[in-house]
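Asks: Predicted structure and sequence below. I'll ask about it afterward.
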Amino acid sequence: MSGRTNNVLRRLLPQGPAAACFALVALVAVAWLLAAVPAYRQAGRAGLLAAGIAAGVCLLSSMAALLVTNRFAGTPSAISGALGSILLRTIVPLGVTLFLVDASPVLAEAGLFGLTVVFYLLTLAGETLLAVRIVNAASRKPAGEPRSTEIRGMS
């Protein structure tokens, strides 16, 4: 990547966990708006519900994974945190979707599984960019300096 592109990405991508979660919310909101029209045309209200469920489940699991990554970034347990975030990001949407598709034929016919795959891939890309930013910021801090993620009394 060129230096100019890298500088643009540095300015555009948020660095802190709260800003990163907000960026994920904005990304998923725009994606849901784009997915809502075809989902409604295909399955009516059930399509909107399926798109909302897929977006919500993927967003929440991605935010949780981002917060786990943030919590363990720059610590000796960083690898464990990364593996935990992968499990959260993957297992939660898959489990919820499989349960709902089995429990509700209406949601299955509305395309819940396909919508979950689309939102999963979108949030995976967004969360990965944001997690790399957070991990890079944590690795640049001196060892004794407190991290912005530390909660008073829990460090």
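Replies: Arrived safely, thanks for sending.

Asks: what about the residue nearest to A51 when sequence neighbours are not counted, how many neighbours?
Replies: Setting aside the residues directly before and after it, A51 is nearest to A39 in space (Cβ to Cβ, 6 or more residues apart in numbering), at 4.3 Å. Heads up, the C-betas are built off the backbone N, CA and C, glycines and all. Using other Cβ atoms under 10 Å, A39 has 25 neighbouring residues.

Asks: Please look at A39 and G111 and confirm they touch.
Replies: Yes. Taking Cβ atoms under 8 Å as the definition, A39 is a contact partner of G111 at 6.9 Å.

Asks: residues bridging contact with the two, i.e. touching both?
Replies: In the contact map built from Cβ atoms under 8 Å, 6 or more residues apart in numbering, the residues linked to both A39 and G111 are 47, 50.

Asks: Name the residues of the helix or strand encompassing A19 that come out as buried.
Replies: For A19, the enclosing helix or strand under DSSP states H and E is helix 17-43. Within helix 17-43, the residues that count as buried by 16 or more other Cβ atoms under 10 Å are 17, 20-21, 23-24, 27-28, 31-32, 35, 39, 43.
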